[in-house]
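> what shape does this take:
(chains A and B)
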Amino acid sequence: MKYAIRVENLTKRFNGFAAVDGISFTVEGGELFGLLGPNGAGKTTTIRMLTGVLKPTTGTAHIGEYDIQKNPLEAKQLMGIVPEMANAYVDLSALNNLFLIGELYGIQKGKRVEKAESLLKLFELYDKKHQKVKTFSKGMTQRLIVAMGLMNDPQLLFLDEPTSGLDVESVRLIRELIRDFNDKGTTIILTTHNIEEANQLCDRVAIMNHGKIVAIDRPEKLKRTIQSTTSIEVAFTTKVNVEDLMFDKVNEVKKIGDKLRLYAEKPEDVIPMVVKYSQSSRNKIISLNTMGPNLEDVFLKLIKKEEK
Amino acid sequence: MIFEQFKRSLAITKKDLFIFYLKGPVVISGLLIPAFLFIAFVFGRELPLNFLIPSLLGMTLFVTVSSIGPIIAPWETRMRTFERLVSAPIALWAIILGDIIASLSFGLFITFFIFLVSIVLLGAEIISLSLIAGTILAAFCFSSMGLLISAPPTDNPSNIMMLSTLIKFPLIFISGIFIPISEMGNWKFISYISPLTYYTDLTRYSVQGISYFAPVVDLLALFGFSILFFVIAVKWHEKSLAKRF
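So this is what the prediction gives:
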């Protein structure tokens, strides 16, 4: 399968408002593809159309060889889905939630039991398999929801904000498993607000705003499009005012936690000035790093450009 | 393909029974509500037993089958489990069918209990075995009606409960449960629009040996209402799906 997903001119209007506005893209088999964008950009509506939950107003989407409109059941059989804000059945046990999904995908009983137990082990929930989900923490519930998305060994896995609002341990586990499943050949569509997550995980990202795709490429290539946002990040032993570091060749200074980021076209010219400031103010430098543009810079630049 | 979808419907049925029906308070209220209605109806009136039994059976089946079904869709929308169901490879009609089967299973279980009480304790004689076929058909019909009521795209079960009560209670009063159709005068034509009329009539035929319509008419009417409610429920749920999320 060359393309896991082919989307052509997909549009969804709600009472005349275009939540998704004529987007087209393809995702290759085995790719880890990210959909990034601010709230209301149209990411979830796109996922809902691709997973057959919503009917597009116009346009087509193919999952593998199947048109999601014409052959929804065949297309859905290929997918695993972790919808945004989805929930497991809180009155069922973890095991029964997985069994239900197994039955909905037509998995035979023997394989269903085997698969459910192996997923519970993988997601570190095996000891709690008979407990009702209402007794689970948010992180445990989300791990179960991701496991439910994997019950049918999907060729294509949709993850809509899978780590949003979770504890560090659950985030780490889910990210590791996303990588593992992708390494084994599962195509993954990841929708996220977390730009760093997309940067770390995705082969390619599409940035959406106002229902349109404003950029689509590999994260590193996108970063290269805005080389002007190179910077140095510096931390001092005592607090420094932002204005004190507005040297001649510095375009902007931003406070990031206990660090200051100085944006400049040639960071190497700014470093001596920072060192000189440190010596004259007797405020020692704890750390100093030169930074390339990150995906967040690209994202913000593209979104701002769209707003204009 | 249809058989495979039917199997998946049964997974929905199993889930519904676990989550919504097989709970002490639900089963007890399923028995108590028709019992209270019945007591309120017979208290102070001298009515023959063979008139009361069809009323009790009709009311029990109608109330129990349509009690929980309407709230499943809004409850699942609120609990955010509905999106996962519709994104699974199960057709919407199969999801609705699964809900209907759960609902009718619960109603049949409670009604069977009332049957036993009627026969063993009250000494009722059930003449026609067509009552069994009619009861299953009526359970499907009332359950489909419940699923039709649940179609408006709300995530608030109490809205649907209110709508359900508004529809169900008038139907109980016009369906020949409290007053036989033959005694309703010019109002009897209103009773024709209620599926409960045909089930009550069938139970009267089975218990009393008399009926307003021929039993085959009652069965055909129940079958027709079942198909109509099921088809409209599927279409309406399809239409309201986009507004659920």
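> only C-alpha atoms for contact and neighbour calcs from this point on.
Fine.
> the strand or helix carrying residue B:216 near chain A at all?
Assigned by DSSP states H and E, residue B:216 belongs to helix B:215-244. Yes - using Cα under 8 Å from any Cα of the partner chain, helix B:215-244 comes into contact with chain A via B:241-242.
> counting contacts, what elements does that helix pack onto?
With contacts defined as 3 or more Cα pairs under 8 Å, 6 or more residues apart in numbering or on different chains; DSSP states H and E, helix B:215-244 has these neighbours: helix B:92-116, helix B:130-149, helix B:195-208.
> can you tell which of the ones you listed is closest to chain A?
The closest of the helices and strands packed on helix B:215-244 to chain A is helix B:92-116. By Cα to the nearest Cα, the value is 9.9 Å.
> quick check: mean pLDDT across that closest one?
The average of the pLDDT scores along helix B:92-116 is 92.
> and chain B, which residues reach chain A?
Residues of chain B lying near chain A (Cα under 8 Å from any Cα): B:4, B:8, B:11-12, B:15, B:18-19, B:79-81, B:83-84, B:86-91, B:241-242.
> got phi/psi on residue B:22?
Main-chain torsions, residue B:22, degrees, to the nearest 10: phi -80, psi 60.
> may I have stretch B:26-34 as CSV, with CA atoms only?
Below are the C-alpha coordinates for stretch B:26-34, written out as CSV (Å, rounded to 0.1, in the frame of the first residue of the first chain):
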residue,chain,number,x,y,z
VAL,B,26,-33.2,-1.0,37.5
VAL,B,27,-34.7,-4.5,37.8
ILE,B,28,-36.6,-3.6,40.9
SER,B,29,-38.0,-0.4,39.4
GLY,B,30,-38.8,-2.4,36.2
LEU,B,31,-41.1,-4.5,38.4
LEU,B,32,-42.4,-1.8,40.7
ILE,B,33,-43.5,0.9,38.2
PRO,B,34,-46.0,-1.3,36.4
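> in that stretch, what's buried?
Buried residues in stretch B:26-34, counted by 16 or more other Cα atoms under 10 Å in any protein chain shown: B:26-27, B:30-31, B:34.
> which residues touch it?
For stretch B:26-34, the surrounding residues in contact (Cα atoms under 8 Å, 6 or more residues apart in numbering or on different chains) are B:20-21, B:56, B:59-60, B:63-64, B:110.
> please convert those residues to JSON lines, extending it with distance to residue A:139 and secondary structure.
JSON lines is the format used below for these (distance: Cα to Cα, whole Å; DSSP: H, G, I helix; E, B strand; the rest coil):
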{"residue": "B:20", "distance to residue A:139": "26", "secondary structure": "helix"}
{"residue": "B:21", "distance to residue A:139": "29", "secondary structure": "helix"}
{"residue": "B:56", "distance to residue A:139": "50", "secondary structure": "helix"}
{"residue": "B:59", "distance to residue A:139": "46", "secondary structure": "helix"}
{"residue": "B:60", "distance to residue A:139": "44", "secondary structure": "helix"}
{"residue": "B:63", "distance to residue A:139": "41", "secondary structure": "helix"}
{"residue": "B:64", "distance to residue A:139": "38", "secondary structure": "helix"}
{"residue": "B:110", "distance to residue A:139": "40", "secondary structure": "helix"}
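> out of those, which one sits closest to residue A:44?
Using Cα to Cα, residue B:20 comes nearest to residue A:44 of the contacts of stretch B:26-34, at 29.7 Å.
> looking at chain B, which helix or strand is least sure?
Lowest mean confidence among the helices and strands of chain B (mean pLDDT, DSSP states H and E): helix B:24-42, at a mean of 75.
> could you give the angle of that one to helix B:92-116?
The directions of helix B:24-42 and helix B:92-116 differ by 60 degrees, with axes from the mean of the first three to the mean of the last three Cα atoms, to 10 degrees as the criterion.
> centre of the chain to helix B:24-42, how far?
Distance of helix B:24-42 from its chain centroid, counting by Cα atoms, centre = their mean, to the nearest Å, is 15 Å.
> stretch A:191-204 too?
Distance, centroid of stretch A:191-204 to centroid of chain: 4 Å (Cα atoms, centre = their mean).
> give me the pLDDT for residue A:293.
Value listed for residue A:293 in the pLDDT field: 69.
> typo on my end, residue A:141
So residue A:141 comes in at 91 (pLDDT).
> what's the burial count for it?
22 (other Cα atoms under 10 Å in any protein chain shown).
> and if you look at residue B:24?
Quick note: residue B:24 (other Cα under 10 Å) scores 9 neighbours.
> got it, and residue A:84?
If you count neighbours by other Cα under 10 Å, residue A:84 ends up with 21.
> what about it, distance to chain B?
9 Å (Cα to the nearest Cα, to the nearest Å).
> tell me the bridge partners for the nearest residue to that residue once chain neighbours are set aside.
Sequence neighbours aside, residue A:160 is the residue nearest to residue A:84 in space, at 4.7 Å (criterion: Cα to Cα, 6 or more residues apart in numbering or on different chains). Counting by DSSP bridges, residue A:160 forms beta bridges with residue A:191.
> so residue A:160 sits against residue A:80, correct?
No - contact criterion Cα atoms under 8 Å: residue A:160 and residue A:80 do not qualify, at 11.3 Å.
> out of the two, which sits in the busier spot?
Counted by other Cα under 10 Å, residue A:160 and residue A:80 do not tie: residue A:80 has more neighbours, with 28 against 24.
> the more buried one in helix, strand or coil?
The three-state label given to residue A:80 by DSSP: H, G, I helix; E, B strand; the rest coil is strand.
> buried ones in stretch A:185-197?
A:185-193, A:195.
> and it, how far out from the chain's middle?
With Cα atoms, centre = their mean, you get 3 Å for stretch A:185-197.
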